[in-house]
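# Got a sequence here, can you model it:
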Amino acid sequence: PTAIAGLSPDAFLYAKEAAAEKLGALYGTPLGNALISALPPSETRDRRMTAASASVTDAACRVTAETMLNLYGKSLILTQSRIDGYVSCPFSYFCRYILKLSENAPASFDFRDMGNFIHRALEKFFRLLSERGLHIGTLTAAEVAALSGTVGDECVAELLPPGTPCSPRLMHRIAALKRSAALFMEELREEFSQSAFTPLASELEIAVGNPHALSPVRYMLPDGSAVLLTGKIDRVDVLISEKTYYLRVIDYKTGKKKFSMEDIKKGVGLQLPLYLFSLCADAEKKFRRMADIPHDAALRPAGMLYMETRTADVVLPEPLSGEEVYRFAKESIGRSGILLDDPVVLSAMDKEEAGRFIPYKRNKETGKADTHSLMNQEELDDLSVALGKTVVRIAGELREGIADARPMQRKGTSGHMNGTCELCPMKTVCRNV
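Residues are numbered from 1 along each chain as shown. From the prediction side, this is the model:
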């Protein structure tokens, strides 16, 4: 008998079900046309033909309203990553979150795991400071190094329980991650040692039905349903000036993420401003209770920043000492975002106003300042209103079931404006690629 593995693919076309299964891939080819003629009319054949002839990129292609209602109910609960995914391409979102398709990737310790390690280490670090009643800005470099060693060991123990086999390569990468975490903690010590801002909260969860979390950001849609935005705020810093609490939201980013107002307008990367405006509004007064803020205090937005938690590659002009390399690595840590255009707030963040700790610097001799990252209170209020409209628009499209292949144009690694498709895990099932 002939082994199945040695059979031609055409050998499977003699069974009706197998032939119908193959019809989608062969549609429009001579063999596909022959199959249509050979297969008797049936629901299976007709369904395959309809699916094969339909264009995935057809803008009129939608999930039915009934299906969307069954999936989401009257309240559409979204995270920022899901909003980003939908804006990047509705079809990719449909595949991932409605069809539940996923890559069959091998288990590995990848870039996301590295980011999770740094996030977890910083979360444990600030929690340890809170438990011991310590202020990071008053600690010495040696004290921060000792604390970073403690939390680094705890993170490794969580990642690799005792007895877990580890290759030398993995151990080398973990040791490098511990060093990176220690570097960022020292960078934060230096920042807060000169700043009037202090850390107020870390890993602040925004969730539905969790009494220990902040309530989700809520927007009402025209049909009377609601969209609820959940997530987690990496860190909230505060400057207290009499009865005004100026809040700054920080989001840690492993990659080279830059704050972009163009992305914000499209609906990508909304979490920083949404979190900041939500905290300042504090509609249910829950944040005040959690952070022990007086009920009569005013909450004002001071800024929103991405902080890179991955050092950039640095080209050194000549061999340097370990201490000099360490300094170069710290100086490569980038920050980007929007800050309140208020001289008191800006100098409270970076006393020298030299651009070391915030994306703003001022020449003290000429008085000239780089203002591209600044917004006044009126501009921030306008941004808050615009964000609400953007969220409602995106949620409305989702609710309507729009699922066409409509990739957002962004430059890919090849330089072409198809970066969204280039990195999309669903490109193997999308005819737009």
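# which residue ranges form the helices in the stretch 151-300 of the chain?
168-194, 261-266, 271-281, 286-291 (DSSP state H, counting those that start in this stretch).
# Run through the residues that contact residue 280.
Shown in contact with residue 280 (Cβ atoms under 8 Å, 6 or more residues apart in numbering): 247, 299-301. Backbone N, C-alpha and C define where each C-beta goes, glycine included.
# now residue 250
Applying Cβ under 8 Å, 6+ apart, the residues near residue 250 are 234-237, 305-307.
# run the last query once more with 6 Å
Residues in contact with residue 250, defined by Cβ atoms under 6 Å, 6 or more residues apart in numbering, are 234-235, 305, 307.
# so it bridges to which residues?
residue 235, residue 305 (DSSP bridges).
# before we move on, back to that, out of the helices of the stretch 151-300 of the chain, which is the most enclosed?
Per-stretch averages of neighbours, counted by mean count of other Cβ atoms under 10 Å, single out helix 271-281 among those, with a mean of 22.
# Distance from that one to the middle of the chain?
The gap between the average C-alpha position of helix 271-281 and the chain average comes to 15 Å, counting by Cα atoms, centre = their mean, to the nearest Å.
# May I have it exported as PDB, CA atoms only?
Output of helix 271-281 as PDB, limited to C-alpha atoms (Å, rounded to 0.1, in the frame of the first residue of the first chain):
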ATOM      1  CA  GLN A 271      -4.000  55.100  27.600                       C
ATOM      2  CA  LEU A 272      -1.700  57.900  28.900                       C
ATOM      3  CA  PRO A 273      -4.100  60.800  28.400                       C
ATOM      4  CA  LEU A 274      -7.200  58.700  29.300                       C
ATOM      5  CA  TYR A 275      -5.700  57.500  32.500                       C
ATOM      6  CA  LEU A 276      -4.500  61.000  33.500                       C
ATOM      7  CA  PHE A 277      -7.900  62.700  32.700                       C
ATOM      8  CA  SER A 278      -9.800  59.900  34.500                       C
ATOM      9  CA  LEU A 279      -7.700  60.300  37.600                       C
ATOM     10  CA  CYS A 280      -8.200  64.100  37.700                       C
ATOM     11  CA  ALA A 281     -12.000  63.700  37.100                       C
END
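# So for that helix, mean pLDDT?
Averaging pLDDT along helix 271-281 gives 93.
# sorry, back to before: the contacts of residue 280 into TSV, with extra columns for neighbour count and distance to residue 75?
Formatted as TSV, the contacts of residue 280 follow (neighbours: other Cβ atoms under 10 Å; distance: Cβ to Cβ, whole Å):
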residue	neighbour count	distance to residue 75
247	27	27
299	19	26
300	17	30
301	24	27
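# In the host helix or strand of residue 93, which of the residues would be classed as buried?
Using DSSP states H and E, residue 93 sits in helix 90-93. For helix 90-93, burial by neighbour count (16 or more other Cβ atoms under 10 Å) applies to 90-93.
# Kindly reformat the residues you listed as JSON lines containing pLDDT and distance to residue 121.
As requested, those are exported to JSON lines (pLDDT from 0 to 100; distance: Cβ to Cβ, whole Å):
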{"residue": "90", "pLDDT": "91", "distance to residue 121": "36"}
{"residue": "91", "pLDDT": "89", "distance to residue 121": "37"}
{"residue": "92", "pLDDT": "90", "distance to residue 121": "32"}
{"residue": "93", "pLDDT": "91", "distance to residue 121": "31"}
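# Show me the contacts of residue 280 that map onto strands.
If you go by DSSP state E, the contacts of residue 280 have 247, 299-301 in strands.
# now, which of those residues sits nearest residue 26?
Nearest to residue 26 among these, counting by Cβ to Cβ, is residue 301 at 58.1 Å.
# Return the residues in contact with residue 349.
Residues in contact with residue 349 (Cβ under 6 Å, 6+ apart) are 195, 197, 358.
# returning to that earlier point: who wins for proximity to residue 33 among the helices of the stretch 151-300 of the chain?
Among those, helix 261-266 comes nearest to residue 33, with 42.6 Å by Cβ to Cβ.
# how far is the closest one from where the chain is centred?
Chain-centre distance of helix 261-266: 15 Å, with Cα atoms, centre = their mean.
# mean confidence for it?
Taken as a whole, helix 261-266 has a mean pLDDT of 89.
# neighbouring contacts of it?
Outside helix 261-266, the residues that touch it by Cβ under 6 Å, 6+ apart are 87, 269.
# run the last query once more with 8 Å
Counting by Cβ under 8 Å, 6+ apart, 87, 269-270, 273, 383, 386-387, 390, 408 sit against helix 261-266.
# which residue is nearest the centroid of the protein?
By Cα atoms, centre = their mean, the chain has its centre lying nearest to residue 81, at 5.3 Å.
# what about the helices in the stretch 301-433 of the chain?
For the stretch 301-433 of the chain, helices defined by DSSP H, counting those that start in this stretch occupy the ranges 322-331, 343-349, 377-400, 419-423.
# Dump these to CSV, plus distance to residue 166.
Shown next, in CSV, are these (distance: least, Cβ to Cβ, whole Å):
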stretch, distance to residue 166
helix 322-331, 25
helix 343-349, 41
helix 377-400, 43
helix 419-423, 30
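# Could I get those helices in CSV, plus columns for distance to residue 337 and mean pLDDT?
Formatted as CSV, the helices of the stretch 301-433 of the chain follow (distance: least, Cβ to Cβ, whole Å; pLDDT from 0 to 100):
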stretch, distance to residue 337, mean pLDDT
helix 322-331, 18, 75
helix 343-349, 11, 96
helix 377-400, 12, 94
helix 419-423, 23, 74
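# Among these, which comes closest to residue 215?
Of all these, it is helix 377-400 that lies closest to residue 215, at 15.8 Å by Cβ to Cβ.
# Give me the contacts around the closest one.
Residues from elsewhere that reach helix 377-400 (Cβ under 8 Å, 6+ apart): 62, 65, 68, 72, 76, 78, 83, 86-87, 90, 93, 219-223, 225, 227, 229, 264-265, 267, 270, 273-274, 277, 300-301, 338, 340, 375.
# sorry, back to before: output the contacting helices and strands for whichever helix or strand comes after the helix holding residue 93.
For helix 90-93, the succeeding helix or strand toward the C-terminus, using DSSP H and E, is helix 111-131. Under the contact definition 3 or more Cβ pairs under 8 Å, 6 or more residues apart in numbering; DSSP states H and E, helix 111-131 sits against helix 141-159, helix 168-194, strand 198-206, strand 226-241, strand 244-253.
# any idea of the mean pLDDT for helix 111-131?
For helix 111-131, mean pLDDT is 86.
# And stretch 42-51, by the same measure?
Mean per-residue pLDDT for stretch 42-51: 70.
# who touches residue 239 in this structure?
196-198, 245-246, 248, 302, 345, 348-349.
# that older thread, reformat the contacts of residue 349 as TSV; add distance to residue 34 and neighbour count.
Formatted as TSV, these follow (distance: Cβ to Cβ, whole Å; neighbours: other Cβ atoms under 10 Å):
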residue	distance to residue 34	neighbour count
195	74	21
197	72	22
358	68	22
